[in-house]
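*Asks:* Build me a model:
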Amino acid sequence: MPAAAASRFMSGRESLELTTDFFALFALPRRFRLAAAQLDKAYVDLQAEVHPDRFAAADDSARRLAMQWSTRVNEAYQTLKKPLARAKYLLHLAGHDVADENNTLMPADFLIEQLEWREAVAEARAVGDHHELEHMHHRLQRELSGRYDELGDLFDERCDFVEAADRVRRLMFIEKLLVDLDEALAACDE
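*Replies:* Coordinates of the predicted model:
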């Protein structure tokens, strides 16, 4: 890409810093509920603008800047497209970090429920009960969907970041359980 085009890219980005929040980077509202198609389009459009290949013929500075922007755009997209990562990011922006490793206090009933789920997954995996694992997977997916709907209300309607942080910590457990279920299903398929 000619130096003039690289210059236009850089001047077009003057109002944004590499530290600009991910929502502003994609010109999206700072909300939990995002239209996936709108996020995808914003990502494709922005990545087409900043992709390092467009700056192959530019000077070192412009190529380096394009690489930084491309990396930042990818990081932002990966964060915003996943509900749990997006929720953690919203909490971070609001100054309510989840502190994953430091805040594991959960209500006893929630922990007991998680233990029961894990035991059921382990038992079904041990006997190779693919049908039961699929059934649990579907139940857990429905539960996750409901919990993410609730989280959307906490963020977008109520702006209750304290309660949202608690829900996100719970969702971290549930998402991990879903990964374990996926692994158990894969093991049964082998």
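*Asks:* and the closest residue to Ala42 other than its chain neighbours, what does it touch?
*Replies:* Of all residues not flanking Ala42 in the chain, Phe26 sits nearest, at 3.9 Å (Cβ to Cβ, 6 or more residues apart in numbering). In this view, the C-beta of every residue, glycine as well, is placed from N, C-alpha and C. Applying Cβ atoms under 8 Å, 6 or more residues apart in numbering to Phe26 gives the contacts 39, 42-43, 46, 76-77, 80.
*Asks:* Now, the residues you listed that are in strands?
*Replies:* Using DSSP state E, no member of the contacts of Phe26 falls in strands.
*Asks:* tell me which of those residues is nearest to Ala120?
*Replies:* Among the contacts of Phe26, Leu80 lies closest to Ala120 (Cβ to Cβ), at 33.0 Å.
*Asks:* For the closest one, give me the pLDDT.
*Replies:* On the pLDDT scale, Leu80 is placed at 98.
*Asks:* how close does it get to Met67?
*Replies:* Distance of Leu80 to Met67, given as Cβ to Cβ, to the nearest Å: 21 Å.
*Asks:* Please identify which of these two sits among more neighbours.
*Replies:* Taking other Cβ atoms under 10 Å, Leu80 and Met67 do not tie; Leu80 has more neighbours (22 against 14).
*Asks:* Surely that one is in contact with Leu34?
*Replies:* Yes - assessed by Cβ atoms under 8 Å, Leu80 is found in contact with Leu34 at 6.5 Å.
*Asks:* who touches both of these two?
*Replies:* Counting by Cβ under 8 Å, 6+ apart, the residues touching both Leu80 and Leu34 are 28, 86.
*Asks:* Could you look up the SS state of Cys105?
*Replies:* Heads up, residue 105 is Leu, not Cys. Recorded secondary structure, Leu105: coil (DSSP: H, G, I helix; E, B strand; the rest coil).
*Asks:* Just give the number of residues close to it.
*Replies:* Leu105, neighbours per other Cβ under 10 Å, totals 8.
*Asks:* Identify each buried residue in stretch 36-47, please.
*Replies:* For stretch 36-47, burial by neighbour count (16 or more other Cβ atoms under 10 Å) applies to 39, 42-43, 46.
*Asks:* Can you tell me what sits against it?
*Replies:* Applying Cβ under 8 Å, 6+ apart, the contact partners of stretch 36-47 are 25-28, 70, 73-74, 77, 80-81.
*Asks:* if we can go back for a sec, which one of the contacts of Phe26 sits closest to Leu91?
*Replies:* Distances from Leu91 to the contacts of Phe26, taken by Cβ to Cβ, are shortest for Leu80, at 13.7 Å.
*Asks:* The closest one: what's it in contact with?
*Replies:* So Leu80 contacts 22-23, 26, 28, 34, 39, 86, 89 (Cβ under 8 Å, 6+ apart).
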